[in-house]
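Student: just the structure for this:
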Amino acid sequence: MKAHLIPQELYYQLLQNCKDELPYEACGLLTGTQNLIRSIWPLKNELKSSNRFFVHQDQVQKTLETISSLNQQVKAIYHTHPNTEAIPSSIDIANHINQEVGMVIISYKSSEPIMKWYKIDGLNYTDCPFVVL
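Tutor: Got it, this is the predicted structure:
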């Protein structure tokens with residue numbers, strides 16, 4: 001499996017956007033072409049919760065239309081774990097509806113954020129490589 005490539009500027013923008021949402025979970029989409037991430041799309045967590053997120057379908061649909069107009073594809077859905085490790089919970093896995101799209105979790109449990117990329121396959125998950133350029 002090829003590593004996903006994330007430009008450093010986008011990586012730091014992602015971490016800052018997520019930090020700005022603390023103590024609540026942040027969420028959004030990572031998009032790009034082939035294995036290169038070209039854009040991040042923060043979405044509004046309507047639950048204002050530290051352990052769950054929900055985004056209204058209208059917001060998702062409008063964002064997906066814009067992404068499509070840029071000829072990019074959704075590579076991962078990201079969200080944060082403000083107080084726990086960057087490991088998918090059973091709820092994360094159950095709610096991940098597209099196995100072709102990765103799951104990125106950014107944990108703020110430690111002093112420095114930790115980001116992990118996963119492939120979800122049914123009730124199982126595996127680590128996926130990514131490189132910050």
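Student: any idea what the residue nearest the centre of the chain is bridged to?
Tutor: Residue closest to the average C-alpha location in the chain (C-alpha atoms, centre = their mean): Tyr78, at 1.0 Å. Counting by DSSP bridges, Tyr78 is bridged to Gly28, Val104.
Student: which residues touch it?
Tutor: By C-beta atoms under 8 Å, 6 or more residues apart in numbering, the residues touching Tyr78 are 14, 18, 26-30, 40, 103-106. Placement of C-beta: from N, CA and C, glycine included.
Student: what would these look like in CSV with pLDDT, distance to Glu46 and neighbour count?
Tutor: Shown next, in CSV, are the contacts of Tyr78 (pLDDT from 0 to 100; distance: C-beta to C-beta, whole Å; neighbours: other C-beta atoms under 10 Å):
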residue, pLDDT, distance to Glu46, neighbour count
Leu14, 98, 20, 23
Cys18, 97, 16, 24
Ala26, 97, 12, 23
Cys27, 97, 10, 23
Gly28, 97, 13, 25
Leu29, 98, 16, 22
Leu30, 98, 20, 24
Ile40, 98, 19, 19
Met103, 98, 19, 22
Val104, 98, 20, 26
Ile105, 98, 19, 24
Ile106, 98, 19, 21
